[in-house]
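Chemist: give me a model of this one.
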Amino acid sequence: MNARSASSSAPAAGAVAARFLCDPRRTVSPEVATLHEWSGSQNKSLAGFRRHLRAALDDLVRSGAIAAWRIDDGDLVHVERTPTASQRRHLARKGQEIAPPAA
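Modeler: Residues are numbered from 1 along each chain as shown. Below is the predicted model:
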């Protein structure tokens, strides 16, 4: 599975999670409602979209596209990205600690 096909159970949530949250250039933590709007989801219920988004984010963790995620009390989606091999080498040269690559 790759980041572009994040979740078969939630196509809209998976697509927005893969395109937006896996992009290393993006550092903001968007609200669930914003991701719902951007995705063009057919799911009218925000609670239903949130459920699909969680499944999509779990799929991205399992695939190694992201390291971890959480939705905070303010309904912001926070994603910890998995560093690429070149990013890990760069951080190692700088003497900074890095997390091991996702399995």
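Chemist: going forward, measure contacts and count neighbours with C-alpha atoms only.
Modeler: OK.
Chemist: pLDDT at Val28, what is it?
Modeler: Note for Val28: predicted pLDDT of 75.
Chemist: and it, helix, strand or coil?
Modeler: Under DSSP: H, G, I helix; E, B strand; the rest coil, Val28 falls in the coil class.
Chemist: quick one: contacts for it?
Modeler: For Val28, the contact set (Cα atoms under 8 Å, 6 or more residues apart in numbering) is empty.
Chemist: how far away is it from Thr34?
Modeler: Distance, Val28 to Thr34, by Cα to Cα, to the nearest Å: 12 Å.
Chemist: list the buried residues for stretch 47-65?
Modeler: Buried residues in stretch 47-65, counted by 16 or more other Cα atoms under 10 Å: 49-50, 52-65.
Chemist: could you pull out the helices in the chain for me?
Modeler: Using DSSP state H, the helices of the chain run over residues 11-16, 32-39, 46-63, 85-93.
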